[in-house]
Every structure is written in structure tokens, then in C-alpha cells.
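Visitor: Need coordinates for the below:
(chains A and B)
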Amino acid sequence: MKNKLFHVSRRPAMPWWKSLLIRVIAIALALVVCAVVTMLFTGENPLNVFSAMISGSFGTSRKIWATLQGIAILLCVSLAVTPAFRMRFWNVGGEGQILMGGLACAACMIYFGEVVPNWVLILMMTVSAVVAGAIWGGIPAIFKAKWNTNETLFTLMMNYIATQLVAYFCNIWDKKGSGIVGVINPTTEAGWFPVLGGQRYLLNVIIVAILVVFVYIYLNYSKHGYELTVVGESEKTARYVGIKVEKVIVRTMLLSGALCGVAGLLLVGGTDHSISTTIAGGRGFTAVMVSWLAKFNPVVMIVTSFILVFLERGSSDITSRFGLNKSFSDILTGIILFFIIGSEFFINYRIDLVHNTEKEAK
Amino acid sequence: MKKILAIALCAIMVIGVLAGCSSQPASNDNASSTPANNDTPATNDTPATNDAPVDRDAAVVFDNSSEMLDASAATADKLAGVKVGFITLHDENSTYDKNFIDAAKAACEELGVEYIIKSNVPEGSECFDTAEELIDEGCNVVFADSFGHEDFMIQAAKAHADVMFAHATGTKAHTENLANYHNAFATIYEGRYLAGVAAGMKLNEMIANGEFTADEAKMGYVGAFPYAEVKSGYTSFFLGARSVCPTVTMEVTFTNSWYDEALEKEAANKLINRGCKLISQHADSMGAPTACETAGVPDVSYNGSTVAACPNTFIVSSRINWVPFYKNMIVAQATGQKLSADWTGTLGNGAVELSEINDKAAAAGTAEKLEEVKAALIAGNTKVWDTSTFTVGGQALTSYKADVNDWGDFTGETESIVDGAFAESVYRSAPSFDIDIDGITNIDA
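Guide: Below you'll find the model as predicted:
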């Protein structure tokens, strides 16, 4: 027997309030550590650090809207990857699927901007973004279904192809040669989504709210949702009860990719009116965490995506308020995520100190 | 399968209808505003867009100045009302951005003005968001440093008429005609030309030492993107070198990125392997200079001295000193003096600078020669863009229409050969020289 100090074992299910408490404590601890680290670098009073954190998301009405927009897009991507995750298909290709959706959408705006009426253009953008995202999600799914390739690696690699495709088209579309597309159709505003109630982010928020309901119903009350859950629990069981596993895999990934395409559409057509390799901004990966932390429940995902956006905006505000390099906000975000993920470990496992006698018995 | 199709279609329709419905009023707006659709200075009543370019060019007013505003009017209490936000593409690790960041700190601290620097802002709508964040934090002057930021700065300028926006290297201030949006650049071609003279002298020295023959005098240039700013830069560098070393030729390769250390290093090595005897670059990392140091090939740098990392090969570097423009911008905001749409820094007003010459690598007598050429440039006796010094396709250039008015049409409209020289940074501050001259080979083409 090795002289182990700890013994890790799986916990029985915890009452909900207890797991919630652990998570809250983890976030509180993360904030304390962030405050201490910031104090060490800047000598600021920790209360100032926390107030910067809150003002980052809620300081002005513009910041509140920017926070809502951040939540909406992150939530959209999280909703997209969730059906695949429920099926235990690790789609880490959200980034690429968003980019392809955005690219298709931008292509429509550039090539048909002055050719077709605006509503036709927006319809074309929508369809092409959805189809492009679905194709990008569908390719790894077909390979998984037919040849059982590793979907994590496959979807990850598809991200790089998508990034390079976007870079390639940016170089084609920018004839000046600096590789930056800039604002598309700045004077005609062709293909720009309408601004509802004077708030340029409101439409995105509404669309994503509808998607939450759609994905919730799809996962919990549709036959497809049931089938993909069974496939996720046990492929053998699924085959035994007559579910066509290959079909379910491809179908679910088409949906997953299509929803990522919608995120690309909202970014390019809805708010940015531009395309670049950075539009996805790492959300394809952050969404993995949002979805996991919410245990794949679309409604809980509203809360988890809020937490992540809040923390990210807060740490960026701390960085600029105290005149630190942008890398510092990445450090703070990293600290917070470390605590959040760590708390999941303590919720699922218990740790007992191994008694010293065992060591002596050796 | 049918069901999923149905659901997917429903989703598309919901979004489509939603977007479609609400886009109805928007498209009506467009329709009703068609006569005023050209918010460019053009006053063209006919909706036919084909006629528009001619008219809008005629209506453009060039407003480019190199003047320094009267700083004495900017008293401490007036300056207290100014807060500047700086947006940079990368951080201090990039020589390009470091040059802006250092100048920002120097200018603001000298004038006692509050400032915020936001680094690592990509050339996308993140720039617009960052500009708004800076305004939220009380900035009334916002400056961005990278070419691709321009569209988003203009977007922000339109949304915040009470805030002054300034953008380095941009091209659209004179055509956008916004009172609160300005472009700035410098006649860095003068600095490049001087650096080219230093390079030519080094080549002459190496020829004299018998390291290679005059016919083998070939330079290599690592460029970022093949567009006017970079082309103008390497052409002036080349002309400077050829003014002292008549047999020199140059090979150019592009990385298609402003900052990619590995690519730039690789590009420099490629050029060295092709027989280039001296390297220069217009890309922002230490990639090319360090490749030169390793290979022992002399290097003319950009944006600041790289002598610390390359003590044996660094010759000299040209750079834009942004302090004069920053001061102008701050004084204009504090005192209400008018800042021109375009501002061009020069050797004369201190915005174009050469670094210290590294005597270990530079040819003997470089410093004296550079002083002499610099004086001639300032006096106007030497013209960098003198058309008698270069040919295009074997012919002397007598007429060239450059794309000075950037409507997104990528066609030249402004006659830029004036009095036997190319009128660079005359109509607007940003370079517009995008001609491939004889003697320079693009090895990527």
C-alpha cells in the first residue's frame, strides 16, 4: 500500500441547497483571491476592486445592455452545444461553427447587399448562416457515425479550418490589401438587422430568449430529445430499443451546428456588421463550461452564462480602471474559473484523510 | 426526420418573420431617405449610383496640415477637462504599439492630462465597444492606432458627436467630413529614405570590402500587407538606398499579418537564403531583427531601436514620434482650436525620427551623411518621390491617379504626379503610393 494521504470517493447525490451553497462559497472565495491578487499588484482597497467588478457589468445603461448582449450570444452558443453534450458528443467546434455561420452571412451581405430587397437579404443571411453552421457541425458527426472518429479532435480541428477560411475571405473582400473587412454596407445598411426600440442589442436578446424555450422543449418534451438522451446514456441500450444511433448523432449535430450558425448570424447581421477571425471571441469554448455547469439545462444556463459574462466584464473593468495590461483580466478570469470548476469536484466527490495507522502498517 | 425538419424550418421562419416584420419599417426608412442617402458631401439628386463617384470626388475638400497648434492657450484648468482614451491593437510586446503607448504616456504626463490605455483591441466591432467603454469612463478624446480600427472609430464618432476621435494611419477623415473625426500620419517615407541611405552605405562598404560584387547588392524586405502604407514605406527605403548604391535591387515578401513573430522570422530567413545582403521590415514583431542577428546579416529596423537584442546587426531605425500629434489633439480639445481633418507629421515638426545609429554595424560616415540628406529633405532640395529617380515598367511616370478618396471602390481618382514628384501625404495624411517600381521584386507574386 502506497502511503496515500487522501482517499477520494464519489459522493451520493447532495441536497440542492447544499450544492448551491458550495458553488456560492466557491465564487465568493474566487472573488476574495482576485481582490487579494489585485491588491498585491496595485495596492488598491479591495472594496474598490469589487465596485469595479460590479460597475463593469452594471455601471451605465450602455454597460447593462452590453452585458445583456454578452449573455445572449454566449447563451445562444451554449444552447447550441447542449443537445450534442446530452448525447455525450463533445462538440468543442462551436467556435468554427459560429465563424462559418458569420462568414456565410457576411458573404450574403457583401454579394447581395445592393441586389435584393432588405427582407429577402435578411432571409438569405438567416438560411445561409444556419446551413453553413449545420454543415460545419454535420461533417464531424458523419465521420463519427460512419467511422467512429474522435469527435473532440475532429470538431476542434474544424475550428482552425474555419478561422483560416474567414481570414482568406477577409483578404479577398478587402481589396486594399490589409485583410480587414471593416463595416459592411456602411451607407446602405443592407442586411443590418433592424434596431428595436432604439436598443441595438434588444433583437438579439429576444431571439435568444425564444431559442431557450425551443431548446428546452426540444430536449425535454420531444421524441428527438428523448432519443439523444438515451444515446448519451448508453449507445447499446439505444440500439437495443431500436434507435438508429448514427441518425441521431448526425441529426443532433446538424441542429447543434445550425444554432451556432444562428450565433454567427446575430453577431454579423445583428450587431457587428463586420466579419473577422475574432468574432466568436472564444465563446465556442466558454459555452462548454456554461452548458456543463448548468447540467445541460437550458433554463439554468441563463444563470451560468450570466455569471461568466459578469465575471469576465468585471475583471476587464478592474484591469482598465487600475491601468493594468489586458492580460491581467485573463489572469483574474482564470482564477475565477479555477474555483468554479474546482467546486464541481467537491460537489461530486468527497475527500477523506487517510488515517496515519495505515501508513505505519506499511 | 420529418419532425426535425419541421422544427428547424419553424425556427428559421420564426427568426425570419421576426426579422422580416420588423425590417419593414427599416426598409421604409431607407426608401424615404433615398434622396438624402448620400450623406457624403456629394449633392447628387439622381438616384443612379453610377454618376455618384464623379460628383462626390469633386465635392471633396482636402484638409491636411502639418501645423502645431498654439499650446500656450492650453492652461492647466482647461487641460483638466480633457481625458484621453487610447486604443491599441496589441500591447508593448509589439514594437508598433509600444511606440504609440510610450508617446501616449509621455504626452499626457507632460501636459498633465488623465488617460486610459486599452491594449489588445482587435480590428473588429470590439473597437467600437472599447471606444464606448472609454467614453463611459469619462474620456472626451479617443485615439486608435491601427488601420483596421477606422470603420469602427467612424461608427463611434457618428454616435458620439461631443467626443473627439482621432485615428492613426486612416484614410477616411476628409471624405467622411465629420467635425469630430481626424486622421493622423507622418511623412515616414522621409525617415525610411534616410534609413535607406544608411542601408545603401552599408552595402557600399560591404562591396568595397569584397564581400560581394556590386551586381549582387540585393536587399530583402519583410512587409505586412501589400497595400499603400507598406508599399510607400519600402519604396522610399529602396529609393534612399539606391541614391547611394546605384546597383541595388530589392526583394519583398509579405506575411499578411501585422504581428506574427514566427512568420516574420521565417520570411527574413527566406530572404537571407535567397541571397539578400541586408534586411529591413515593416511588420511589428522582433522576428526579422532577431533572424538577422542570428544569421549575422545587417538589419534596418522600424518603430524604434532594436540594438539591445541585435547589437551586431542593427544599423538604424526610423519611427514616427506621436508626441507632437497627441499634444495637438489634446490642445485642440482643451482650447477649442480647430484640428484639421488630416494631420501629417514631418521631419520638420519632429514627428519623423531616426534612432541612434549603431556604429558597430553601420558604415563609417553614416551619421554625417544622414545629417546632410536630412537637411536637404527639410529644405526641399531632395525630393523622395522625384519621378526622375525611378521607372515603372521601364517608363518614367508622368501621370498617376491615386486612390486618395477611399469610397471603398478601390479606384484611383486624384492626379498625384505634381511638379515631377509623387504627391505623397499631400492630399491626406496616410500614404497613397501603391505603385510597383522597377528594381523591386515581389517574390510572393
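
Visitor: Distance-wise, check B:Thr124 relative to B:His149.
Guide: Actually, residue B:124 is Gly rather than Thr. Going from B:Gly124 to B:His149 by CB to CB, to the nearest Å gives 9 Å. C-betas here are computed from N, CA, C, even on glycine.

Visitor: When those two are compared, which one has more neighbours?
Guide: Set B:Gly124 next to B:His149 and count neighbours by other CB atoms under 10 Å in any protein chain shown: B:His149 wins out with 30 against 25.

Visitor: Hmm, B:Glu123 and the more buried one touching each other?
Guide: Yes - at 5.7 Å, B:His149 counts as touching B:Glu123 under the criterion of CB atoms under 8 Å.

Visitor: Return every residue with contacts to both of those two.
Guide: Common contacts of B:His149 and B:Glu123, defined by CB atoms under 8 Å, 6 or more residues apart in numbering or on different chains, comprise B:Leu89.

Visitor: for the record, mean pLDDT for the longest helix seen in chain A?
Guide: Taking DSSP state H as the criterion, chain A has its longest helix at helix A:118-147. Mean per-residue pLDDT for helix A:118-147: 96.

Visitor: So which elements touch that helix?
Guide: Secondary-structure packing of helix A:118-147 (3 or more CB pairs under 8 Å, 6 or more residues apart in numbering or on different chains; DSSP states H and E): helix A:94-112, helix A:151-173, helix A:245-265, helix B:2-32.

Visitor: by contact count, what packs against the first one?
Guide: Taking 3+ CB pairs under 8 Å, 6+ apart as contact, the helices and strands that helix A:94-112 lies on are helix A:61-86, helix A:118-147, helix A:151-173, helix A:245-265, helix A:283-293.

Visitor: The shortest one: which residues count as buried?
Guide: This means helix A:283-293. A:283-293 (16 or more other CB atoms under 10 Å in any protein chain shown).

Visitor: for chain A, what are the nearby residues on the stretch 301-445 of chain B?
Guide: Contact residues (CB under 8 Å from any CB of the partner chain) of the stretch 301-445 of chain B with chain A: B:406, B:410.

Visitor: Same list (the helices and strands packed on helix A:94-112) but as CSV, adding distance to B:Pro431.
Guide: As requested, these are exported to CSV (distance: least, CB to CB, whole Å):
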stretch, distance to B:Pro431
helix A:61-86, 35
helix A:118-147, 36
helix A:151-173, 20
helix A:245-265, 35
helix A:283-293, 37
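
Visitor: Please identify the most buried of those helices.
Guide: Comparing the helices and strands packed on helix A:94-112 by mean neighbour count (mean count of other CB atoms under 10 Å in any protein chain shown), helix A:245-265 ranks first with a mean of 27.

Visitor: Report the rounded mean pLDDT for that helix.
Guide: pLDDT averaged over helix A:245-265 gives 96.

Visitor: try stretch B:145-152
Guide: 92.

Visitor: What separates the first and last residues of it, distance-wise?
Guide: This stretch, stretch B:145-152, spans 12 Å end to end (CA to CA, to the nearest Å).

Visitor: where does chain A have low pLDDT?
Guide: A:1-3, A:177, A:355-362 (pLDDT under 70).

Visitor: Let's check: the centremost residue of it is which one?
Guide: Geometric centre of chain A, nearest residue: A:Ala287, 2.1 Å, by CA atoms, centre = their mean.

Visitor: how close does it get to A:Gln97?
Guide: 11 Å.

Visitor: Which neighbours do the two have in common?
Guide: A:Ala80.

Visitor: now A:Asn159: how far from chain B?
Guide: 17 Å (CB to the nearest CB, to the nearest Å).

Visitor: show me what contacts that residue?
Guide: A:92-93, A:95-96, A:99, A:284.

Visitor: out of the residues you listed, which one sits closest to B:Met153?
Guide: A:Leu99 (24.3 Å; CB to CB).

Visitor: burial of the closest one, as a residue count?
Guide: Neighbours of A:Leu99 (other CB under 10 Å): 36.

Visitor: How far does the helix or strand in which B:Gly191 is found sit from its chain's centre?
Guide: Using DSSP states H and E, B:Gly191 sits within helix B:188-208. Centroid displacement of helix B:188-208 relative to its chain, using CA atoms, centre = their mean, to the nearest Å, is 22 Å.

Visitor: got the angle for the host helix or strand of A:Ala26 vs helix A:283-293?
Guide: Secondary structure assignment for A:Ala26, by DSSP H and E: helix A:16-42. Relative orientation of helix A:16-42 versus helix A:283-293 (axes from the mean of the first three to the mean of the last three CA atoms, to 10 degrees): 140 degrees.

Visitor: A:Ala287 and B:Ser125, how far apart?
Guide: Note on A:Ala287: its distance to B:Ser125, by CB to CB, is 20 Å.

Visitor: ok but B:Glu251 is inside a strand, no?
Guide: Yes - according to DSSP: H, G, I helix; E, B strand; the rest coil, B:Glu251 belongs to a strand.

Visitor: burial count for B:Trp343?
Guide: 29.

Visitor: tell me the secondary structure for it?
Guide: On the three-state scheme (three-state DSSP), B:Trp343 is labelled strand.

Visitor: pLDDT wise, what is it at?
Guide: 96.

Visitor: Quick one, grab the pLDDT at the closest residue to A:Thr278 other than its chain neighbours.
Guide: Using CB to CB, 6 or more residues apart in numbering or on different chains and skipping residues adjacent in sequence, the residue nearest A:Thr278 is B:Pro122, 4.4 Å away. Looking at B:Pro122, its pLDDT reads 89.

Visitor: again with B:Glu211
Guide: At B:Glu211, the model reports a pLDDT of 94.

Visitor: ok, now the one 4 residues further on?
Guide: You'll see B:Asp215 listed with a pLDDT of 94.

Visitor: That one is in contact with B:Cys245, isn't it?
Guide: No - taking contacts as CB under 8 Å, B:Asp215 lies outside contact range of B:Cys245: 11.5 Å.

Visitor: Between these two, which is the more surrounded one?
Guide: More neighbours surround B:Cys245 than the other of B:Asp215 and B:Cys245, with 23 against 9 (other CB under 10 Å).

Visitor: For that one, list the residues it contacts.
Guide: So B:Cys245 contacts B:200-201, B:203-204, B:207, B:214, B:217 (CB under 8 Å, 6+ apart).

Visitor: try B:Phe433
Guide: B:189, B:228, B:231-232, B:235, B:385, B:402, B:416, B:422, B:424.

Visitor: same question, B:Asn140
Guide: Going by CB under 8 Å, 6+ apart, the list of residues near B:Asn140 reads B:81-83, B:162-164, B:333.

Visitor: Check the secondary structure at B:Gln155 for me.
Guide: helix.

Visitor: residue contacts, it?
Guide: Shown in contact with B:Gln155 (CB under 8 Å, 6+ apart): A:183, A:186, B:128.

Visitor: rewinding a little: let's have the buried residues of helix A:283-293 in a markdown table, adding distance to A:Cys105.
Guide: Listed next are the buried residues of helix A:283-293 as a markdown table, based on distance: CB to CB, whole Å:
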| residue | distance to A:Cys105 |
| --- | --- |
| A:Arg283 | 16 |
| A:Gly284 | 17 |
| A:Phe285 | 21 |
| A:Thr286 | 21 |
| A:Ala287 | 19 |
| A:Val288 | 23 |
| A:Met289 | 26 |
| A:Val290 | 23 |
| A:Ser291 | 24 |
| A:Trp292 | 28 |
| A:Leu293 | 29 |
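
Visitor: Show me which of those residues is closest to chain B.
Guide: The closest of these to chain B turns out to be A:Arg283 (CB to the nearest CB; 13.0 Å).

Visitor: so what's the closest one up against?
Guide: A:73-74, A:77, A:94-95, A:98, A:263.

Visitor: So for A:Ala162, what's the nearest residue that isn't a sequence neighbour?
Guide: According to CB to CB, 6+ apart, the nearest residue to A:Ala162 is A:Gly96 (3.5 Å).
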